[in-house]
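Visitor: Sequence and predicted structure are below.
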Amino acid sequence: MNLNLKDKVVLVTGSSGGVGRKIALAFASEGAKVVVNYRKKSKQESGKAAEAVVSEIKKTYGTEAIAIDADMSVEAQIIEMFDKAESSVGAVDILVNNAAYLPKGPLQNYTETEWNYTFQVNVTGAFIACKELIKRLRERGVKGKIVNISSQAAFFGSTSGHLPYDASKGALISMTRSIAREVAREGINVNAVAPGMVMTEMVAKLWEERKEQYLSRIPLYRIAQPEEVANVVLFLASDMSSYMTGTTLDVTGGLMMR
């Protein structure tokens, strides 16, 4: 099946590891040019993980890729990221807002600063990226795709106390619908994906500690693999989903049957 993604330029935020990495690789496997976004958290951290993703893309799939350091909480860095992408691999056609900040609870331990930063990255950063892409698509007079990565926690909340994250993911879904409605007639499709638990390095320890508890809630009785989420993102970014916008697709193993 031809998804018509070859030579499209795709920006995947937060894609140096985890689900974001698998999304970046999935697009590369379809011949897309990939912008791997990461955030350099310290002077000692050189972005080796992001560069490793770029190297894997080039070696395995032979398509173009670039790693760009940009903090999704800073507007100027987000805009500069689009400029760097355009000058290196071309103007962005598809945006995947995957980057997210996940503070640890419980409720009484959260500070206002943590709450605000979570929304700055997970909602405001995604908004700025959407706004920037749409502006550039309009200037070029072309269609485009946006896929926002939300979470089942937007609907159910978290048993492990991640209130700011859960609330921000709910806001991201509302934003997805609003932007989709505004730009639909311009041929810009905006959708979201709401995964359940996904087996990443960050989740692995918690999964082993509470495996039976989590499995009892999932009808398919297993945790998702990152590539299963990536496949849904590919579908929403492709021509196969051309008549879908403002939609949130559940990837939860049946946890959310709507």
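Guide: Yep, it's here. These figures come from a predicted structure and were not determined experimentally. Numbers count the residues shown, from 1 in each chain.
Visitor: ok, E114 - contacts?
Guide: By C-beta atoms under 8 Å, 6 or more residues apart in numbering, E114 lies in contact with P103, P164. The way it works is simple: take the backbone N, C-alpha and C, and place the C-beta from them, glycine included.
Visitor: Phi, psi for it please.
Guide: phi -60, psi -40 (degrees, to the nearest 10).
Visitor: again, but for M257
Guide: phi -100, psi 100.
Visitor: again, but for K169
Guide: Main-chain dihedrals, K169, degrees, to the nearest 10: phi -70, psi -30.
Visitor: now the strands: where do they sit in the chain?
Guide: Applying DSSP state E to the chain gives strands spanning 9-12, 33-38, 65-69, 94-97, 144-149, 188-195, 248-251.
Visitor: Neighbours of T252, how many?
Guide: T252: 23 surrounding residues under other C-beta atoms under 10 Å.
Visitor: Ignoring the adjacent residues along the chain, who's closest to it?
Guide: Of all residues beyond its chain neighbours, the one nearest T252 is G196 (3.5 Å), with distances taken as C-beta to C-beta, 6 or more residues apart in numbering.
Visitor: do you know how far the closest residue to G187 other than its chain neighbours is from I188?
Guide: Among residues not flanking G187 along the chain, K143 sits closest, at 3.5 Å (C-beta to C-beta, 6+ apart). Going from K143 to I188 by C-beta to C-beta, to the nearest Å gives 6 Å.
Visitor: Show me which of these two is the more surrounded one.
Guide: The neighbour count for K143 versus I188, taken as other C-beta under 10 Å, is higher for I188 (21 against 13).
Visitor: Mind listing the residues bridging to that one?
Guide: I188 forms beta bridges with G144, as assigned by DSSP bridges.
Visitor: Tell me the spacing between it and Q225.
Guide: Going from I188 to Q225 by C-beta to C-beta gives 30 Å.
Visitor: quick one: contacts for L107?
Guide: L107 is in contact with G161, L163, counting by C-beta under 8 Å, 6+ apart.
Visitor: gap between it and W115?
Guide: Distance, L107 to W115, using C-beta to C-beta: 11 Å.
Visitor: and stretch 199-213, average pLDDT?
Guide: Averaged over stretch 199-213, pLDDT sits at 73.
Visitor: what distance separates the start and the end of that stretch?
Guide: End-to-end span of stretch 199-213 (C-alpha to C-alpha, to the nearest Å): 15 Å.
Visitor: Please list all residues in contact with L102.
Guide: T118, H162, Y165.
Visitor: could you redo those as CSV and give each row neighbour count, distance to V89 and pLDDT?
Guide: Shown next, in CSV, are those (neighbours: other C-beta atoms under 10 Å; distance: C-beta to C-beta, whole Å; pLDDT from 0 to 100):
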residue, neighbour count, distance to V89, pLDDT
T118, 24, 30, 97
H162, 22, 35, 87
Y165, 25, 31, 93
